[in-house]
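Peer 1: with the sequence up front, the predicted model follows.
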Amino acid sequence: MGDGLRTIWIVTTDEILLAQTRTAATGLEEEERAGRDGEAAEALAGWEVREVDSIERLADQPPAAGDVILLDKWLRGDNVYEACRSLTGRTQSRIFIIAEHENEAALSIASFCGAAGTLHRPVTPSNLRDQLEVAPVPRPAWRDDARARLADREPTFPEKLLVEIATGRPDVNLVNSLVDPQTSLFNFAFLNFKLDEEFKRAKRFGDSLSCVMLGFEGQAGDDVLRDLAGLILEGSRDTDVLGRFDESSFLFLLPRTAADGAGIMARRVGERAQERALVDLVGDPLVISVGISCCPHPDIREREDLYRCAREAFVEARAAGGGVIACT
């Protein structure tokens, strides 16, 4: 921009939040020049605020290097963390998520998705200044020996993997936000995020992606759920995304796996559940039902189609008394 201003791009439909941000940016220069001299004041002066009402609009007018992007956590119609993840790597601007002050998990999830940090409501000159002074936070590199250990170690629950690939220190808020407490597999919210990510990746590179829904009738105790989750992990690869869908079913995303490979994995889990004599709360054996969908497929154009086909096949398998049915 020719006037030397840098831009704070705020993606929101909240007029109050927009007004707070503009007021904070206007007061920032006065506050800093009154209290600082030289480079410190210059670094925080000269910001303008521009509103964008959707992520798509932001993509149409990409920010310049050195600009800042603020994403409203309550943006209607968009998952702000998915948006943050999609913007990471496509812009040289720092990204901050605006969240409630009491939301302890926001910073952990924001960092996981590539943001430089969070900004608490209400936006004021002081908390805006604190974030503008923060240097970009690089995503931590995967330790060189971590991948080598994956091939020869025991199956590891996703909560432990999350801790290992984080900054080296266990982040309880992040783990609790992404993991189902009964099974230690990923929860529904994270599955929904990964479904979108894996579907886009498979479509872009022309790879196979299988979606597997596996479940049983009735209810099961925590120990049985944990045992079943362990069997699922034993039959999976480190690239598979494994999660709990609801009270009695699980959902898996298997990258670069066709329906035949997904069926082999699912049948193995069912056979081992029978061998372990897993039972429900009333003592009846767990009867495993499995539905599988796979793309590329002429009827699967969106991520919702991939899930819907797997769900329909699962319901059909359950009505038939168990077994594996693949959407054809």
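Peer 2: Good, I have the coordinates.
Peer 1: use CA for all of it now, contacts and neighbours both
Peer 2: Will do.
Peer 1: T118 is in contact with L107, correct?
Peer 2: Yes: L107 is within contact range of T118, at 5.7 Å (criterion: C-alpha atoms under 8 Å).
Peer 1: between those two, point out the one with more neighbours.
Peer 2: Using other C-alpha atoms under 10 Å, the more surrounded residue of L107 and T118 is T118, with 24 against 21.
Peer 1: phi and psi next, for the more buried one.
Peer 2: With angles defined as degrees, to the nearest 10, T118 sits at phi -120, psi 160.
Peer 1: please enumerate the strands of this protein.
Peer 2: Under the criterion DSSP state E, strands of the chain are mapped to 6-11, 47-52, 68-72, 94-99, 117-120, 209-215, 241-246, 249-255, 289-295, 323-326.
Peer 1: direction included, what does the first one pair up with?
Peer 2: According to DSSP bridges, the neighbouring strands of strand 6-11, each with its direction, are strand 47-52 (parallel), strand 68-72 (parallel).
Peer 1: so which of these gets nearest S210?
Peer 2: Closest to S210 of these, according to C-alpha to C-alpha: strand 68-72, at 32.0 Å.
Peer 1: pLDDT of the closest one, averaged?
Peer 2: Mean pLDDT, computed over strand 68-72, is 90.
Peer 1: cool, and stretch 297-312?
Peer 2: For stretch 297-312, mean pLDDT rounds to 93.
Peer 1: dump that stretch to CSV, restricted to CA.
Peer 2: Extracted in CSV, the C-alpha atoms of stretch 297-312 (Å, rounded to 0.1, in the frame of the first residue of the first chain):
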residue,chain,number,x,y,z
HIS,A,297,-16.4,-42.8,-6.8
PRO,A,298,-18.9,-41.3,-9.3
ASP,A,299,-21.5,-40.8,-6.6
ILE,A,300,-19.1,-39.2,-4.1
ARG,A,301,-18.5,-35.5,-5.0
GLU,A,302,-18.4,-33.9,-1.6
ARG,A,303,-17.1,-35.0,1.8
GLU,A,304,-20.7,-35.3,3.0
ASP,A,305,-21.3,-37.9,0.3
LEU,A,306,-18.3,-40.0,1.6
TYR,A,307,-19.8,-40.0,5.1
ARG,A,308,-23.4,-40.5,4.0
CYS,A,309,-22.5,-43.6,1.9
ALA,A,310,-20.5,-45.2,4.8
ARG,A,311,-23.4,-44.5,7.2
GLU,A,312,-26.0,-46.0,4.8
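Peer 1: can you list the strands paired with strand 6-11 in TSV and add mean neighbour count and distance to A317?
Peer 2: Converted to TSV, the strands paired with strand 6-11 look like this (neighbours: other C-alpha atoms under 10 Å; distance: least, C-alpha to C-alpha, whole Å):
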stretch	mean neighbour count	distance to A317
strand 47-52	18	46
strand 68-72	24	42
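Peer 1: list the buried ones in stretch 8-23?
Peer 2: Within stretch 8-23, the residues that qualify as buried are I8, W9, I10, V11, T12, T13, L17, L18, Q20, T21, R22, counting by 16 or more other C-alpha atoms under 10 Å.
Peer 1: how far does that stretch sit from its chain's centre?
Peer 2: Its chain's C-alpha centre and that of stretch 8-23 lie 25 Å apart, by C-alpha atoms, centre = their mean, to the nearest Å.
Peer 1: which residues touch it?
Peer 2: 47-55, 58, 63, 67-72, 74-76, 122-125 (C-alpha atoms under 8 Å, 6 or more residues apart in numbering).
Peer 1: run the last query once more with 6 Å
Peer 2: The contact list for stretch 8-23, computed with C-alpha atoms under 6 Å, 6 or more residues apart in numbering, reads V49, R50, E51, V52, D53, V68, I69, L70, L71, D72, L75, V123.
Peer 1: try stretch 48-61
Peer 2: The contact list for stretch 48-61, computed with C-alpha under 6 Å, 6+ apart, reads T7, I8, W9, I10, V11, T12, T13, R22.
Peer 1: grab the nearest non-local neighbour of S208.
Peer 2: In space, and not counting its chain neighbours, S208 is closest to R256: 4.5 Å by C-alpha to C-alpha, 6 or more residues apart in numbering.
Peer 1: ok, that neighbour - contacts?
Peer 2: Contact partners of R256, counting by C-alpha under 6 Å, 6+ apart, are D207, S208, L209.
Peer 1: just the buried members of these?
Peer 2: In the contacts of R256, the ones that pass as buried (16+ other C-alpha under 10 Å) are D207, S208, L209.
Peer 1: could those go into TSV alongside distance to G27 and pLDDT?
Peer 2: Converted to TSV, these look like this (distance: C-alpha to C-alpha, whole Å; pLDDT from 0 to 100):
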residue	distance to G27	pLDDT
D207	51	91
S208	53	94
L209	51	95
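Peer 1: which among those gets closest to E198?
Peer 2: Nearest to E198 out of the buried ones among the contacts of R256 is L209 (C-alpha to C-alpha; 7.6 Å).
Peer 1: wait, G322 sits on S289?
Peer 2: Yes: applying C-alpha atoms under 6 Å as the test, G322 and S289 come out as touching, 4.3 Å apart.
Peer 1: look at those two and report which has more neighbours.
Peer 2: For G322 versus S289, the count of surrounding residues by other C-alpha under 10 Å is larger for S289: 27 against 21.
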